[in-house]
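Trainee: 3D, please:
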Amino acid sequence: MQYLLPIISMATFAGSLSVRAMDPVLPQVATDLMVTIQIAATAASAFAITFALVQPALGIIADMFGKPKLIVICLMLLGASNIAGAFSTSFDVLLITRILSGVGGGGVFPITLSLVGDLFPLRERQVAMSQVLAGAMAGNLLGASLSGVIGDFIGWRGVLIAIGLLVLGASVAVGWGFRHQMRMPRKRTNFTAMARNYRDVFAHPHARVCYAAVFIEGSCVLGLFPFVAAFLADLGEPRLSIAGIVIAGFAVGGLIYTSSVSRLLPRLGEKGLMIGGGALVASQLVVIALGPPWQWQLASFLAMGCGFYMIHGSLQTFASEISVDARGTAVALHAFFFYLGQTAGPIAYGYGISQFGKVPTVLFAAVVMLLLGIVCSRLLKHRHSQIVQ
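Mentor: Numbers count the residues shown, from 1 in each chain. Below you'll find the predicted structure:
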């Protein structure tokens, strides 16, 4: 199945291009469609919110309809809605296309992870998932940086058209690579079985730990990102481009993790990865709380990205084995709680900063992440039958 891995990674790359693509061109959107920048920003958040909300339904559909089929359909929806958004004549129309893009994007990355769980035995799964994760991170990183370049030359509409065409191309590649699997008959709809799958998933002890852990991760780490520019401005660095570079260091750190996990895993094991990842994230949050120059914060975000994916990659592996029969549902719920955390995080940080200040709030998040790595390493253990697959 190794020959399918590059195709799956390409699907996650294409599906992730849209996540941050609108951020750099929002001023153009606001001017062109005659809305305020605050209203224009809702187009960017609509994608992420919809991405989270569709997860429970798409997980069930993936288990019932077939994962490769759903990935192709969602890529086609994502590509078509991006292109349609380029021809928006009002902000309301653009907002609808971004909501549809969120539905399409929501059916790509989590479902590809569950597909990897189907194709690869446990001993190979974390390394395989790291390659899929690398595709997603590269898409996030390039989606934001390239959209700014394209936007300078041909505007925000050109950004959406370019991304839409790339995504449609990826849907063709996935359809060709999984052509044999897509010919398999779909499962018969059984609503009783669907309800039982949800009960079985939540009854599994790993589910409660994994879902709570990724919610905390999303809140404590990714919830910090909206405040980076403001933190840097307080230090005398008002350039938004610098804030973008600092945040991009997180994705680079994640890519370092994906390139080194095949060597780290045999040496540290998943327990060591979770403890080390939590400790590394916590240490870098302490650095950020102290407010060094942006160059040091860039290095901190790079290290934090590596540490974050050390623990997050382990949690993804455990989530993929919560249920064999309902793996799509289990992994989709994993993404659902992760994105809920990203929604709750900025609210929690905003409250903490206003009530207690920046330093106590970020230091509290550091303590939480340190404890999270330790607790997860103790509560999450593979059963013997799974280890020897």
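
Trainee: okay, CA-based contacts and neighbour counts for the rest of this
Mentor: OK.

Trainee: now Gly352, nearest residue through space, not along the chain?
Mentor: Thr361 (5.5 Å; C-alpha to C-alpha, 6 or more residues apart in numbering).

Trainee: what number of residues lie near the one you found?
Mentor: Residue neighbour count, defined by other C-alpha atoms under 10 Å, stands at 20 for Thr361.

Trainee: contacts made by the host helix or strand of it with the rest, please.
Mentor: Using DSSP states H and E, Thr361 sits within helix 358-379. Contact partners of helix 358-379, identified using C-alpha atoms under 8 Å, 6 or more residues apart in numbering, comprise 206, 209, 213, 217, 220-221, 270-272, 274-279, 281-283, 285-286, 288-290, 311, 349, 352-353.

Trainee: would you mind putting the CA coordinates of it into CSV?
Mentor: What follows is helix 358-379 as a C-alpha-only set of coordinates in CSV (Å, rounded to 0.1, in the frame of the first residue of the first chain):
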residue,chain,number,x,y,z
LYS,A,358,-0.5,37.9,29.2
VAL,A,359,2.3,36.3,31.3
PRO,A,360,0.1,34.4,33.8
THR,A,361,-2.3,33.2,31.1
VAL,A,362,0.4,31.8,28.8
LEU,A,363,2.3,30.3,31.8
PHE,A,364,-0.9,28.6,32.8
ALA,A,365,-1.2,27.1,29.3
ALA,A,366,2.4,25.9,29.6
VAL,A,367,1.6,24.0,32.8
VAL,A,368,-1.5,22.5,31.2
MET,A,369,0.5,21.2,28.2
LEU,A,370,3.3,19.8,30.4
LEU,A,371,0.7,17.9,32.5
LEU,A,372,-1.2,16.8,29.3
GLY,A,373,1.9,15.0,27.9
ILE,A,374,2.5,13.2,31.2
VAL,A,375,-1.2,12.2,31.7
CYS,A,376,-1.7,11.0,28.2
SER,A,377,1.5,8.9,28.4
ARG,A,378,0.1,7.1,31.4
LEU,A,379,-3.5,6.6,30.3
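
Trainee: model confidence over that helix, on average?
Mentor: Averaged over helix 358-379, pLDDT sits at 96.

Trainee: and stretch 5-12, by the same measure?
Mentor: 85.

Trainee: just the residues contacting that stretch, thanks.
Mentor: With contacts defined as C-alpha under 8 Å, 6+ apart, stretch 5-12 is touched by 75, 108-109, 112, 128, 131-136, 139, 167, 170-171, 173-174, 177.

Trainee: tell me how far the helix or strand harbouring Tyr349 lies from the chain's centre.
Mentor: Assigned by DSSP H and E, Tyr349 falls within helix 327-356. Offset of helix 327-356 from its chain centre (C-alpha atoms, centre = their mean, to the nearest Å): 12 Å.

Trainee: which neighbouring elements make contact with that helix?
Mentor: helix 37-53, helix 55-65, helix 109-119, helix 191-203, helix 205-220, helix 294-320, helix 358-379 (3 or more C-alpha pairs under 8 Å, 6 or more residues apart in numbering; DSSP states H and E).

Trainee: list the contacts of Leu333.
Mentor: Gln55, Pro56, Gly59, Tyr211.

Trainee: tally of neighbours for the first one?
Mentor: Pointing back at Gln55 there. Using other C-alpha under 10 Å: Gln55 sits among 27 other residues.

Trainee: Phe338 is in contact with that one, correct?
Mentor: No - at 10.6 Å, Gln55 and Phe338 do not qualify as touching, with contact defined as C-alpha atoms under 8 Å.

Trainee: how is this structure divided into domains?
Mentor: 1-189, 197-389 (automatic domain parsing).

Trainee: ranking those domains by mean pLDDT, which is last?
Mentor: domain 1-189 - the lowest mean pLDDT of the domains of the chain, at a mean of 81.

Trainee: buried set for stretch 321-335?
Mentor: For stretch 321-335, the neighbour count (16 or more other C-alpha atoms under 10 Å) marks 321-323, 326-335 as buried.

Trainee: of the contacts of Leu333, grab the buried ones for ChimeraX.
Mentor: Selection of buried members from the contacts of Leu333 for ChimeraX, criterion 16+ other C-alpha under 10 Å:
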select :55,56,59,211
